[in-house]
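Engineer: Okay, here's the prediction I keep looking at, along with the sequence it came from:
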Amino acid sequence: MNVIFLGPPGAGKGTIAKEIKDLANVIHLSTGDMLREEMRNGTELGKMAKQYIEEGKLVPDEVIIGMVESKLKSSDKGILFDGFPRTVDQAKALDQFAKIDAVINLYTTVDVIVKRVGGRRICRDCGKVFNTSWYDSDRCDECGGELYTRTDDTEETIKKRYEVYVEQTEPLVDYYREKGILHDIDANGEIQEKVDKIKAIFDNVQ
Ligand code: ATP
Ligand code: MG
């Protein structure tokens, strides 16, 4: 089973994906996490991606599509796509190499996003996501790792990323609605409540 998590930056795609991947026995494929790993390792791809990411722009389609395709080849499990596809061309490319069973549209408003992404902190060691609105330590409660702020989580970049989302990614809502596989989930509210709703959708499509 292959599922896509769609939604603006800060909608909670990564947080929910981490919760649900074991319950649903799927691989969590986050293009943002893959790019950040390339940046940490200082690869050519990472250096190239950094410029786009820090300006809040999308990394070119051909780079992203190549990266996802090579990851898919090495997997025989279902995939939970987080942050991919982000353009109609990426979605069309994905249709060529995977059958998508469901798309979860995590919708919210721009004010919520600016607030959430502005307070976001991430564990350097295990990747767990926190927010200063409910967590005030600078160490991870699971592994003790140091928490950091992503360099693209500044107020200016967040607004740019939201604009890019509206222009380039939001058209995918209609693209998948027309295919009859879109499920709308309100991104506000408790994480567990959203995990439960999404798990029920997974169980229905399986
Ligand atoms: P979230 O808040 O849910 O983690 P996000 O939009 O803040 O979502 P990532 O998904 O981690 O963050 O992506 C970070 C950046 O990496 C994007 O702003 C973009 O520059 C780049 N990126 C990630 N995935 C793609 C993609 N599919 N196509 C193009 N660029 C991408
Ligand atoms: Mg993410």
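Structural biologist: Arrived safely, thanks for sending. Ligands and ions are numbered 1, 2, ... in the order given.

Engineer: going forward, measure contacts between C-alpha atoms and count neighbours the same way
Structural biologist: OK.

Engineer: now the helices: where do they sit in the protein?
Structural biologist: Using DSSP state H, the helices of the chain run over 13-20, 31-40, 44-54, 61-73, 88-97, 110-118, 155-164, 171-178, 191-205.

Engineer: Determine the angle, from 0 to 180 degrees, between the second one and helix 44-54.
Structural biologist: Right, the one you point to is helix 31-40. Here helix 31-40 points in a direction 120 degrees away from that of helix 44-54 (axes from the mean of the first three to the mean of the last three C-alpha atoms, to 10 degrees).

Engineer: if we can go back for a sec, between the helices of the chain, which one is closest to residue 138.
Structural biologist: The minimum distance between residue 138 and the helices of the chain falls on helix 110-118, with 15.5 Å, by C-alpha to C-alpha.

Engineer: so, in contact with ligand 1 or not, the closest one?
Structural biologist: No. Against ligand 1, helix 110-118 shows no contacts by C-alpha under 6 Å from any ligand atom, the least distance being 6.8 Å.

Engineer: tell me the mean pLDDT for that helix?
Structural biologist: Rounded to a whole number, the mean pLDDT of helix 110-118 is 91.

Engineer: Show me which residues of this structure sit near ligand 1.
Structural biologist: The chain comes close to ligand 1 at residues 9-14, 31-33, 52-53, 56-60, 64, 83-86, 161, as judged by C-alpha under 6 Å from any ligand atom.

Engineer: Can you tell me which of these are buried?
Structural biologist: Among these, those classed as buried by 16 or more other C-alpha atoms under 10 Å are 9-14, 31-32, 53, 56-59, 64, 83-86, 161.

Engineer: circling back to that earlier point, need the helices of the chain in TSV (columns: distance to residue 185).
Structural biologist: Converted to TSV, the helices of the chain look like this (distance: least, C-alpha to C-alpha, whole Å):
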stretch	distance to residue 185
helix 13-20	11
helix 31-40	21
helix 44-54	27
helix 61-73	25
helix 88-97	20
helix 110-118	15
helix 155-164	18
helix 171-178	12
helix 191-205	7
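
Engineer: for those, which one sits closest to residue 144?
Structural biologist: Distance to residue 144, taken as C-alpha to C-alpha, is lowest for helix 13-20 among the helices of the chain, at 17.9 Å.

Engineer: Could you check the angle the closest one makes with helix 191-205?
Structural biologist: Going by the same axes, to 10 degrees, helix 13-20 makes 70 degrees with helix 191-205.

Engineer: mind listing what's buried in helix 13-20?
Structural biologist: 13, 14, 15, 16, 17, 18, 20.

Engineer: Where does pLDDT dip in the chain?
Structural biologist: Across the chain, nothing is flagged by pLDDT under 70.

Engineer: Confirm for me that residue 129 is in contact with residue 120.
Structural biologist: Yes. Between residue 129 and residue 120 there is a contact at 7.0 Å, judged by C-alpha atoms under 8 Å.

Engineer: Give the intersection of the neighbour lists for those two.
Structural biologist: Contact criterion C-alpha atoms under 8 Å, 6 or more residues apart in numbering; residues shared by residue 129 and residue 120: none found.
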